[in-house]
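Participant: What follows is a predicted structure for the sequence shown.
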Amino acid sequence: MAVTEPAPVALPAVHEGILRRQAQRESSARTYARSLPIVPVRARGMTIEGADGRRYLDCLSGAGTLALGHNHPVVLEAVRKVLDSGAPLHVLDLATPVKDAFTTELFATLPREFADDARIQFCGPAGTDAVEAAFKLVRAASGRSELLAFTGAYHGMTAGALAASGGAQDVRVTRLPFPQSYRCPFGAGGERGADIAARWTEHLLDDPKGGVPAPAAMIVEPVQGEGGVNPAPDGWLRRMREITRERSIALIADEVQTGVGRTGTFWAVEHSGVVPDVMVLSKAIGGSLPLAVIVYRSELDLWQPGAHAGTFRGNQLAMAAGAATLAYVRENQLAERARTLGARMLARLQALSSDHPSIGDVRGRGLMIGIELVDPESEPLTVTTENGSAPPPNPALAAAVQQECLRRGLIVELGGRHNAVVRLLPPLTLTDEQATAVVDRLADALRAAERTPYHRAAAGPTR
């Protein structure tokens, strides 16, 4: 069903003025503001209202932070309760009733085998700081410094986290192949491609001439987000757990974006039954406010007091909002809801590909969905899928789709190796009607973008 494009709205001076001043004052490093020139003034649930009076369905959700959407009543109530109580808002790492309640609720959601013997470290308010803490922890516990990470990974923007991400050059990080069915690095895809990736990892670690010193840890995203929404195959992830356990290598699961019900289980590692040694948690655990922690097996707790510190480790409002969010997701079975509704949205999006050759692949887990757009008229790349060769990615079309979505009142983000994957991260509270509207608007935006000339020379790598 096509969605009628809203009539153009005259932009109020306040909207234009704010955008103009932002462009003049903020750094050139700003990102989302470039492709999403809106000025949010009100928000509730999945809906954002801009200063121009337009309303948008938000499928970015603070890059996955807003599990319950904007300004959910249980979050607002939890924050007001702390504010009205007169409790201190800044306490460094001192114990408080609010922190105790958050920790208790968080541990109640973790895999039982893990939670029963776990410790928690409160970090600076961003996920990247929690990644840094995880690296310090495993290095202190093992006496080793090297790390294993995966192609396409994204773990943050601080030095150590960025070094473990896909585009870095740090010699202390060994890159391993992350299995993909659509663009398999071995030209196999499916179970065969995942098996080859696991065998290569095993061989590299056991080869005395492989050039890989004994590592302190392996860090992996159960679903790569910025890397293009690539779910780790369950069997492959279990192999990584076996490989690391047999070689006394700590396994770090980066659940910053995949946690709190996003993928259809409360934590994404639960799909495979894997119990990691360290979990890195942020985004949704703060209930829309900044909060980041690592949770890890107690035997790793060998670092010294102050080994990882930070002034803003004790954000009481975030802990209250986070505890309320965790409890609401758990009590209302929103992970199961994400699994059911996500599967329905995936099926509808996959059905679009029969009429749109520019849709190369639709993939994801739960309400973490990616649509890779390609240039079907260009020669396929040498890297193949399990079903044949894949056309080159088409970032120009993806950018056009994003803008057409915005015109139709839908906020989406782009990702993937060449920014050719349209990403959907709606809140777990979206309704059936909203889910239908998201797919309808996206389909209509894709049709419009395909009719619009775009610069094919920017359509990604070719042979």
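Facilitator: Now that the structure is in, tell me what you want to look at.
Participant: Show me where the protein has its helices.
Facilitator: For the chain, applying DSSP state H gives helices covering 13-25, 32-35, 61-64, 73-85, 97-109, 112-115, 127-142, 159-163, 190-206, 234-246, 316-331, 334-352, 395-407, 432-451.
Participant: Would you work out how far apart the start and end of stretch 357-370 are?
Facilitator: End-to-end distance for stretch 357-370: 16 Å, by CA to CA, to the nearest Å.
Participant: ok so, going back, take the helices of the chain and lay them out in a markdown table including mean pLDDT, mean neighbour count and distance to residue 379.
Facilitator: Glycine gets a C-beta too; all of them are placed from N, C-alpha and C. Converted to a markdown table, the helices of the chain look like this (pLDDT from 0 to 100; neighbours: other CB atoms under 10 Å; distance: least, CB to CB, whole Å):
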| stretch | mean pLDDT | mean neighbour count | distance to residue 379 |
| --- | --- | --- | --- |
| helix 13-25 | 86 | 12 | 39 |
| helix 32-35 | 86 | 12 | 29 |
| helix 61-64 | 95 | 21 | 34 |
| helix 73-85 | 98 | 15 | 50 |
| helix 97-109 | 97 | 18 | 48 |
| helix 112-115 | 95 | 14 | 48 |
| helix 127-142 | 95 | 24 | 39 |
| helix 159-163 | 79 | 19 | 34 |
| helix 190-206 | 94 | 17 | 22 |
| helix 234-246 | 98 | 18 | 30 |
| helix 316-331 | 98 | 23 | 46 |
| helix 334-352 | 97 | 19 | 24 |
| helix 395-407 | 96 | 22 | 17 |
| helix 432-451 | 97 | 18 | 20 |
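Participant: possible to save the ones you listed as TSV with distance to residue 421?
Facilitator: Putting these into TSV (distance: least, CB to CB, whole Å) gives the following:
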stretch	distance to residue 421
helix 13-25	27
helix 32-35	14
helix 61-64	14
helix 73-85	30
helix 97-109	29
helix 112-115	31
helix 127-142	20
helix 159-163	20
helix 190-206	19
helix 234-246	20
helix 316-331	26
helix 334-352	12
helix 395-407	7
helix 432-451	13
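Participant: To residue 256, which of the ones you listed lies closest?
Facilitator: helix 127-142 (3.8 Å; CB to CB).
Participant: quick check, distance from that closest one to the centre of its chain.
Facilitator: Centroid separation for helix 127-142 versus its chain: 19 Å, with CA atoms, centre = their mean, to the nearest Å.
Participant: Stretch 175-194 too?
Facilitator: With CA atoms, centre = their mean, you get 20 Å for stretch 175-194.
Participant: Check stretch 404-411 too.
Facilitator: From the chain centre to the centre of stretch 404-411 is a distance of 21 Å (CA atoms, centre = their mean).
Participant: just stretch 304-312 next, same as before
Facilitator: 26 Å.
Participant: Can you give me every residue that contacts the closest residue in space to residue 152 that isn't next to it in sequence?
Facilitator: Nearest non-adjacent residue to residue 152, counting by CB to CB, 6 or more residues apart in numbering: residue 227, 3.3 Å away. Contacts for residue 227 (CB atoms under 8 Å, 6 or more residues apart in numbering) come out as 152-154, 166, 178, 221, 415-417.
Participant: any chance of those residues in JSON lines, plus distance to residue 145?
Facilitator: Shown next, in JSON lines, are the contacts of residue 227 (distance: CB to CB, whole Å):
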{"residue": "152", "distance to residue 145": "23"}
{"residue": "153", "distance to residue 145": "18"}
{"residue": "154", "distance to residue 145": "22"}
{"residue": "166", "distance to residue 145": "20"}
{"residue": "178", "distance to residue 145": "22"}
{"residue": "221", "distance to residue 145": "22"}
{"residue": "415", "distance to residue 145": "30"}
{"residue": "416", "distance to residue 145": "31"}
{"residue": "417", "distance to residue 145": "28"}
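Participant: Columns neighbour count and distance to residue 80 on top of these, output as TSV?
Facilitator: Output for the contacts of residue 227, formatted as TSV (neighbours: other CB atoms under 10 Å; distance: CB to CB, whole Å):
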residue	neighbour count	distance to residue 80
152	23	41
153	25	39
154	22	35
166	18	41
178	22	43
221	27	35
415	23	35
416	25	40
417	21	44
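Participant: Pick the one among those closest to residue 299.
Facilitator: Taking CB to CB as the measure, residue 299 sits nearest to residue 221 out of these, at 24.1 Å.
Participant: Spit out the contact partners of the closest one.
Facilitator: For residue 221, the contact set (CB under 8 Å, 6+ apart) comprises 150, 153-155, 227, 232, 253-255, 257-258.
Participant: again, only using 6 Å
Facilitator: Counting by CB atoms under 6 Å, 6 or more residues apart in numbering, residue 221 touches residue 254.
Participant: And the pLDDT for it?
Facilitator: Here the pLDDT value assigned to residue 221 is 98.
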